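*Asks:* Prediction below, plus the sequence it came from.
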Amino acid sequence: MRWTGFRRVRRQVCRRLKSRLKQLGLDDFTDYAAYLLAHPDEWSVVDACCRITISRFYRDAPAFEQLCRELPKLLHLAITRGDKSVRCWCAGCASGEEVYTLKLLEYFGLPDAEISLPWQILATDIDGHLLSRARRGCYSAGTLRELPQAWREEAFTANEHYCLKPAFREGIQFEQQDIRQQMPLGSFHLILCRNLAFTYFEPSLQQQILSGISQRLVPGGMLLIGRRESLPHGWQELLFPVSDRGIYQNITSSGWGQSKI
Ligand SMILES: C[S@@+](CC[C@H](N)C(=O)[O-])C[C@H]1O[C@@H](n2cnc3c(N)ncnc32)[C@H](O)[C@@H]1O
């Protein structure tokens, strides 16, 4: 983890850690440091306390508008390669807001093409509880506030919560994975990794993650990162910026199995 990444959310993390101290009956962080030395398993609690889960639909609208303009290129890329589907991976998907936004983008934003392919979407997160919520696909109104109104009205049934209609939950697979330990097998035409590795992880871990991501992008495939994020040292050898909205294209020729960082 890198402390500067937590600048905007550190109160939340400190509050969680203080509540843990209270639970353990410890006086201060010096005592907690000693406790951690004596109980190494406790590091997983610290790790969980450092997880920021904020997300919402259509977060950073200009990025999704730009991505929408790139979708036909990704479809074309998959068709040219002879792939049977357009494969996307959403890393750190929280409660599903981002991955369902992608699904809505594909449904509402892609022009009717003569040739089409199914979109196969994998969404991963370290937090099983968030993944259960993602699978349910029900949200409060506030989470949807940035989503175009017409999409909201067509894609959700509104009662106490806004729940995605089944058609908009199809083709998405959710898996629990810690991106530091494990990444999906296979290759993707599009990877979204926003407000996770390139915000909260320290530089050498960021490089490791970027290397893993670029290995999983097909040549010409695209990566979307968060609005306030930048890529770690060495990215220029792997990727080319498509726009100033955090979209990068894999410029390496071999993709899977190679690592330059
Ligand atoms: C701030 S949210 C970002 C959600 C979404 N990508 C977005 O930009 O709106 C970060 C997400 O990353 C997940 N996360 C944190 N550490 C992770 C790890 N090591 N592996 C996979 N997911 C992780 C958290 O559980 C959380 O859901």
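*Replies:* All right, it came through fine.
*Asks:* who does the nearest residue to residue 239 once chain neighbours are set aside bridge with?
*Replies:* Nearest residue to residue 239, sequence neighbours excluded (Cβ to Cβ, 6 or more residues apart in numbering): residue 248, at 3.9 Å. Where C-beta positions appear, they are placed from N, C-alpha and C, glycine not excepted. Beta bridges link residue 248 to residue 223, residue 241, judged by DSSP bridges.
*Asks:* From residue 206, how far out is residue 248?
*Replies:* With distances taken as Cβ to Cβ, to the nearest Å, residue 248 is found 14 Å from residue 206.
*Asks:* Quick check: neighbours shared by the two?
*Replies:* residue 231 (Cβ atoms under 8 Å, 6 or more residues apart in numbering).
*Asks:* The closest residue to residue 61 other than its chain neighbours is in what secondary structure piece?
*Replies:* Take residue 61 and drop its neighbours on the chain: the residue closest to it by Cβ to Cβ, 6+ apart is residue 146, 5.8 Å away. Counting by DSSP states H and E, there is no helix or strand that carries residue 146.
*Asks:* Show me which residues of the stretch 151-261 of the chain sit near the ligand.
*Replies:* Contact residues, the stretch 151-261 of the chain versus the ligand (Cβ under 6 Å from any ligand atom): 178, 179, 180, 194, 195, 196, 226.
*Asks:* Can you turn the buried part of those residues into a PyMOL selection?
*Replies:* A single PyMOL command selects the buried members of these (16 or more other Cβ atoms under 10 Å):
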select buried, resi 179+194+195+196+226
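*Asks:* Report the two of the residues of the stretch 151-261 of the chain next to the ligand separated the most.
*Replies:* Greatest spatial distance among these (Cβ to Cβ): 178 and 226, at 19.1 Å.
*Asks:* Do you know the pLDDT at residue 256?
*Replies:* Each residue has a pLDDT score; the one for residue 256 is 48.
*Asks:* What of residue 243?
*Replies:* So, for residue 243, pLDDT stands at 86.
*Asks:* Also the one 4 residues further on?
*Replies:* Among the per-residue scores, residue 247 holds a pLDDT of 98.
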